[in-house]
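Colleague: Fold the stuff below for me.
(one chain, ligands or ions: 1)
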Amino acid sequence: MLDQDRIETLRNADVPPALHVIDGHRVAASDGAAEPVISPIDGKSFTTMAWGTAEDAEAAIAAARRAFDDGRWSDLPPARRKAVLLKWADLIEAEAEELAVLGVRNNGTEIGMALKAEPLSAVATIRYYAEAIDKLYGEIAPTAPDVLGLVHREPVGVVAAIVPWNFPLMIGAWKLAPALAAGNTVVLKPAETASLTLVRIAELALEAGMPAGVLNVVTGSGRVVGEAMGLSMDVDVLVFTGSGPVGRRLLEYSARSNLKRVYLELGGKSPNIVFADAPDLKEAVKTSANGIFRNAGQVCVAGSRLLVQRSIHDQFVEELAAYAQSMTVGDPLDPATSAGAVNSLSQLEQNLRFVEEARAGGRKVRIGGQRILEDTGGYYMAPTIVTGVEPGDRLAQNEVFGPVLAVIPFDTEEEAVAIANGTEFGLAAAVWTADLSRAHRMVRKIKAGVVHVNTYGGADLTVPLGGHKQSGNGHDKSLHAFDKYLDLKTAWIKL
Ligand code: NAD
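Modeller: Residues are numbered from 1 along each chain as shown. Sure thing, here's the model as predicted:
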């Protein structure tokens, strides 16, 4: 674990301007534009980043196309790609502390979470897919004896990846590692407010021996760089993690261009359902609070709707409020902090608007609801619990993506299922009960990509993560992630 002296040194370290990584070179934007990078810790700029143009995106895609078509990566024996990827993981691991602090300065996640969830998670993900790629076999079909049917799995081609600002390294690695291991080439666009660590790991990929053009990173705005990637005729697959409205645009871009495949990992409004017979209510209180307030609620699977059985509702909310108030919100580079900064001022303002609207609608703001630590210049919000929320309220239907918990009471199992499934989302859920049969029934009936039982979060790399309903299509993590990056090809051979 990082000690405070080391953190302080890294907190004040100069950060060179972030440039694109295109075709093996660090390059400025084609028109020379750069934007200041603002830290949510204190609202101050600490470096700049290249502000990409559509031409930059096109240059990166052209480089990725050449690198794919000439086979410099896709034609390598899988064990050779694995060796490069393992070397890359080692280099990231050796720089994990620097990357963790750089990431926190950029996006505000508390350091206690960031070190594990960001560089070290990326290292584990790269190693997982590197180790897997020389163990995947094709198939021989059960044909009649006079033919041979072979099913090959081939890399799809040029992958464009667009990722969000919460957990850029973790989510970036969920896309990059399987795509690159499978032999594809990639153009990655990080989020405007969390680009620095992804640029750095692309530089490390070159040091690890990844050929030029195989991994390219273009920074800048979604509307310019992201749109150029979405509309490109040379991108074969577009993978995305982010919000629903942007996901819809990507589907339109595909329809307007080359029908590139689009895989979306979108938002959620995940129900965390606590029955009166939960085996350990104290544990449920603690885990429920952490499941919405860590990283200031900026977690796609955050348990943002708490459904509590009416007989324990008041007591549970009381204990939850006490626990939430004991959490330390503030400087994300202080290891004692349990919830860091909101990523940007605009996100903070959006969070506050949701709470104000609920208050104006007669809902009770039990704790929080306000900006705190304003004198630091940073973007901090108190953990917020709103009670008496109706299932149809905007606060119960829309993703806030902040530390705001909507509490809804219920009486019966059937009612809990109906409320849980009553939004457009289907990303995650949890059920707290000691009744094994009820737990299984709930897992079957709740429409979500992951249903936790007697815990919240923590599902590791061995299991897939993907949304049901309007939370997305396709999966990150586990061997299933390869399905997005490997195409099936049949050879039908007359004997
Ligand atoms: P966002 O949709 O605003 O941005 C995501 C990315 O899309 C950024 O890189 C952005 O620059 C880019 N973008 C924006 N407009 C674009 C356009 N017109 N064309 C192409 N690209 C464009 O999301 P965000 O605010 O960065 O992240 C928060 C969202 O991400 C939340 O909805 C959250 O639930 C979701 N998320 C989902 C998962 C998951 O696994 N399902 C994980 C993390 C975050």
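
Colleague: what's residue 72 in contact with, if anything?
Modeller: 211, 213-214 (C-beta atoms under 8 Å, 6 or more residues apart in numbering). Every C-beta, even on glycine, is put in place using the N, C-alpha and C of the backbone.

Colleague: switch the cut-off to 6 Å
Modeller: With C-beta atoms under 6 Å, 6 or more residues apart in numbering as the criterion, the residues that contact residue 72 are residue 211.

Colleague: Start the count at 566 instead of 1 going forward.
Modeller: Got it, first residue is 566 now, which makes that one residue 637.

Colleague: Am I right that it falls within a helix?
Modeller: No - Residue 637: not assigned to a helix; according to DSSP: H, G, I helix; E, B strand; the rest coil it is coil.

Colleague: how much space between it and residue 882?
Modeller: Distance, residue 637 to residue 882, using C-beta to C-beta, to the nearest Å: 59 Å.

Colleague: for residue 815, same thing?
Modeller: 39 Å.

Colleague: From the neighbour counts alone, determine which of those two ranks first.
Modeller: Between residue 815 and residue 882, residue 815 has the larger neighbour count (other C-beta atoms under 10 Å), namely 25 against 21.

Colleague: Quick check: pLDDT value at the most centrally placed residue in the chain.
Modeller: What sits nearest the mean C-alpha location of the chain, by C-alpha atoms, centre = their mean, is residue 736, with 4.2 Å. With respect to pLDDT, residue 736 has a value of 98.

Colleague: ok, now residue 797?
Modeller: Value for residue 797, per-residue pLDDT: 99.

Colleague: what's near enough to touch it?
Modeller: Residue 797 touches residue 626, counting by C-beta under 6 Å, 6+ apart.

Colleague: Number of residues surrounding residue 847?
Modeller: 10.

Colleague: Identify the residue nearest it in space, chain neighbours excluded?
Modeller: Excluding the flanking residues, the one nearest residue 847 by C-beta to C-beta, 6 or more residues apart in numbering is residue 884, at 7.6 Å.

Colleague: Would you mark the buried spots in the helix or strand harbouring the one you found?
Modeller: Taking DSSP states H and E as the criterion, residue 884 maps to helix 875-891. Residues of helix 875-891 classed as buried: 877-878, 881-882, 884-886, 888-889 (neighbour count, 16 or more other C-beta atoms under 10 Å).

Colleague: what about it, distance to the chain center?
Modeller: Taking C-alpha atoms, centre = their mean, to the nearest Å, one finds helix 875-891 lying 29 Å from the centre of the chain it belongs to.

Colleague: Residue 750 reaches residue 632, doesn't it?
Modeller: Yes - look at residue 750 against residue 632 with C-beta atoms under 6 Å: they come within range, at 4.6 Å.

Colleague: anything in contact with each of these two?
Modeller: residue 779.

Colleague: out of the two, which sits in the busier spot?
Modeller: With other C-beta under 10 Å as the criterion, residue 750 and residue 632 differ in neighbour count, and residue 750 comes out ahead with 29 against 25.

Colleague: Okay, and the beta partners of the more buried one?
Modeller: For residue 750, the beta-bridge partners under DSSP bridges are residue 723.

Colleague: Now do it against residue 776, distance only.
Modeller: Residue 750 is 9 Å from residue 776, by C-beta to C-beta.

Colleague: what do you get for residue 1004?
Modeller: The value you get for residue 1004 to residue 776, if C-beta to C-beta is used, is 49 Å.

Colleague: how's this structure carved up into domains?
Modeller: For the chain, automatic domain parsing gives the domain ranges 569-831+1037-1059, 836-1025.

Colleague: what is the mean pLDDT for the shortest one?
Modeller: Across domain 836-1025, the average pLDDT comes to 98.

Colleague: quick one: it near the ligand?
Modeller: Yes - judged by C-beta under 6 Å from any ligand atom, domain 836-1025 comes into contact with the ligand at 865, 964, 966, 992.

Colleague: Spatially, which two of the residues you listed are the most separated?
Modeller: Largest separation among these by C-beta to C-beta: 966 and 992, giving 12.1 Å.

Colleague: Of these two, which one has the most company?
Modeller: residue 992 (27 against 24).

Colleague: wait, what's in contact with the nearest residue to the more buried one once chain neighbours are set aside?
Modeller: What sits nearest to residue 992 in space, not counting adjacent residues and going by C-beta to C-beta, 6+ apart, is residue 833, at 3.0 Å. By C-beta under 6 Å, 6+ apart, residue 833 lies in contact with 865, 990, 992-993, 1036.
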